[in-house]
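Asks: Sequence plus predicted model, see below.
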Amino acid sequence: MKFGLLLKRKALPAMAAVILLAAGSAGLATGEALSLRQAVAVALGNNLSTELARVRTERARAGAEQLRRRVDDAVYRLITGKELQPNEWTLVYVGSLQAEQMESLALRRERAERDLLILETQKNYLEVYRAADRLKLAELALARAREQQRLAEVAFSAGTVARSDILAAQAHVAAAEARVFSDESNVQSAQAALNKSLGRPPGATIDLTEADSVPERGTPDLQRGLSEAENSRLEVIMATETLRFRERERDHARHTLDAAGRREAELAAEEAQLQLKMSLAAVRLEVFQLYHRLSGVDKQLTALEQGVRYAAEAHRLAVLRYQAGAGAELEVTSARDALAEREQQLLHARYEGYLGYLSWLLATGQRLEGR
């Protein structure tokens, strides 16, 4: 689904604070709108979480290098006939594996941190659009309420309705205005969240593009998704590596420790095996639930679009009956509220469909960077 179709708009509503990105941010020229791909690039370049992940990776590499030197020292002592302490024997047996794991897991954690930031940026980028669309619907609802007030005033002047109809219409206008004010604040809040992802001050100004800057939403494949998740998810990989380490410790303990020490090592390996099975089960459940949440999105959207059309026609007919003096103000109000509710449901479903697909990509261990 193209982003333009997802939004179904000709232009964003007027938002005073949504203007231009500050010149020079991540190479953007003054007046250049921010696409989703550019937003991700800005976040990866400016957000401190990426730098923190890099520092942690470098720290893990330094620790692994120190560990390898300790292993080399212990091996040298061994081949030169020096007597090793029990902890040094353990170091010779498991130290190289531990150093390897420190480096490999640090790199995977860094990738996972980058993917989480990308997902956060993508979601916050879409939330700005969703907040703007909600504001647009609120403004449309306000326009309908004001039109109903005008009709009530005309009918009251003609003597066909009581003044209570005008008062009811005025109350609905006031409620619609309050909704507009609330949604304007939500736009500001969504912008602030996006700015946080971009590593910029909350009040920095933003101009989002009207182009199709979001890729098409793909179709999830359950079996493929399960397989990818089982082989790529960080928690599964960490549990697998923990099991490898505990099994290496168990094998060492069988030759060097007493019965109690051997039993403890065996139980640690058994615990790691159970933790791996639990991690796999949790990942499979998450992927399974996401798949079924997404599998009916298109059908749901079709039904909701149809519901909006029906509600719009019901509202149109209610207004015509009221104008003809054959309908009541309550009938128009009920039809208008029903239409507004259907429009909000459709808007929510459109965005949740794409946001859910982004979560699917992350849940199945797929790289978000470069998409």
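Replies: Great, that's in hand. These numbers come from a predicted model, not from an experiment.
Asks: isn't R254 right next to G261, touching?
Replies: No - between R254 and G261 there is no contact under Cβ atoms under 8 Å: 9.6 Å. Just so you know, the C-beta spots here come from the backbone N, C-alpha and C atoms, and that holds for glycine as well.
Asks: Who are the contact partners of the residue nearest the centre of the chain?
Replies: Nearest residue to the geometric centre of the chain (Cα atoms, centre = their mean): K123, 4.5 Å. For K123, the contact set (Cβ atoms under 8 Å, 6 or more residues apart in numbering) comprises 355, 358.
Asks: Does G203 lie in a helix or a strand, and which?
Replies: Assessed by DSSP states H and E, G203 sits outside every helix and strand.
Asks: confidence score at E110?
Replies: Note on E110: pLDDT of 95.
Asks: Any figure for the gap between it and E241?
Replies: Going from E110 to E241 by Cβ to Cβ, to the nearest Å gives 16 Å.
Asks: buried stuff in the helix or strand containing R70?
Replies: Assigned by DSSP H and E, R70 belongs to helix 48-79. Neighbour-count burial for helix 48-79 flags 49-50, 53, 57, 60, 64, 67-68, 71, 74-75 (criterion: 16 or more other Cβ atoms under 10 Å).
Asks: Give me the mean pLDDT for that helix.
Replies: Helix 48-79 comes out at a mean pLDDT of 95.
Asks: name the helices or strands packed onto that helix?
Replies: When contacts are defined as 3 or more Cβ pairs under 8 Å, 6 or more residues apart in numbering; DSSP states H and E, helix 48-79 packs onto helix 86-157.
Asks: next structured bit after the helix it packs on?
Replies: Next along from helix 86-157, by DSSP H and E: helix 163-197.
Asks: how big is the angle separating the helix holding R70 from helix 86-157?
Replies: In terms of direction (axes from the mean of the first three to the mean of the last three Cα atoms, to 10 degrees), helix 48-79 departs from helix 86-157 by 170 degrees.
Asks: give me every residue that touches the closest residue to V128 other than its chain neighbours.
Replies: What sits nearest to V128 in space, not counting adjacent residues and going by Cβ to Cβ, 6 or more residues apart in numbering, is A190, at 4.5 Å. Applying Cβ under 8 Å, 6+ apart to A190 gives the contacts 124, 127-128, 130-131.
Asks: Give the full set of residues in contact with the residue nearest to L52 when sequence neighbours are not counted.
Replies: Excluding the flanking residues, the one nearest L52 by Cβ to Cβ, 6+ apart is E113, at 7.7 Å. By Cβ under 8 Å, 6+ apart, the residues touching E113 are 49-50, 52-53.
Asks: pLDDT score assigned to E113?
Replies: Note for E113: predicted pLDDT of 94.
Asks: Just the buried residues of the strand or helix carrying A281, please?
Replies: Using DSSP H and E, A281 falls within helix 259-295. Residues 262, 265-266, 268-269, 272, 275-276, 279-280, 283, 286-287, 290-291, 294 are the ones in helix 259-295 that count as buried (16+ other Cβ under 10 Å).
Asks: nearest to V319, of those residues?
Replies: L294 (37.7 Å; Cβ to Cβ).
Asks: Might one say that the closest one is in contact with G353?
Replies: Yes - counting by Cβ under 8 Å, L294 touches G353, with 7.1 Å between them.
Asks: what about the stretch 151-300 of the chain, any weak spots by pLDDT?
Replies: Residues of the stretch 151-300 of the chain meeting the criterion pLDDT under 70: 210-215.
Asks: 90 instead?
Replies: 158-161, 205-219, 252-261, 295-299 (pLDDT under 90).
Asks: what about R248, distance to R262?
Replies: 14 Å.
Asks: what helix or strand does the residue of the chain positioned farthest from its centre sit in?
Replies: Going by Cα atoms, centre = their mean, the residue of the chain most distant from its centre is G81, 58.3 Å out. Per DSSP H and E, G81 falls between elements, in no helix or strand.
Asks: Quick check: phi and psi on it?
Replies: phi 90, psi 10 (degrees, to the nearest 10).
Asks: Contacts only, for it.
Replies: Counted by Cβ under 8 Å, 6+ apart, G81 has zero contacts.
Asks: on that earlier part again, farthest-separated two in the buried residues of helix 48-79?
Replies: Among those, S49 and V75 lie farthest apart (Cβ to Cβ), at 38.6 Å.
Asks: Now do the helix or strand L317 falls within against helix 163-197, angle only.
Replies: Taking DSSP H and E as the definition, one finds L317 inside helix 297-323. Here helix 297-323 runs at an angle of 150 degrees relative to helix 163-197 (the same axes, to 10 degrees).
Asks: Off-centre distance for helix 297-323?
Replies: From the chain centre to the centre of helix 297-323 is a distance of 30 Å (Cα atoms, centre = their mean, to the nearest Å).
Asks: same check, this time on stretch 228-244
Replies: Averaged C-alpha coordinates place stretch 228-244 at 22 Å from its chain's average position (Cα atoms, centre = their mean).
Asks: now stretch 255-273
Replies: 42 Å.
Asks: Would you mind pulling the contact partners of that stretch?
Replies: Contacts of stretch 255-273 (Cβ under 8 Å, 6+ apart): 86, 89-90, 239, 242-243, 245-247, 249-250, 252-254.
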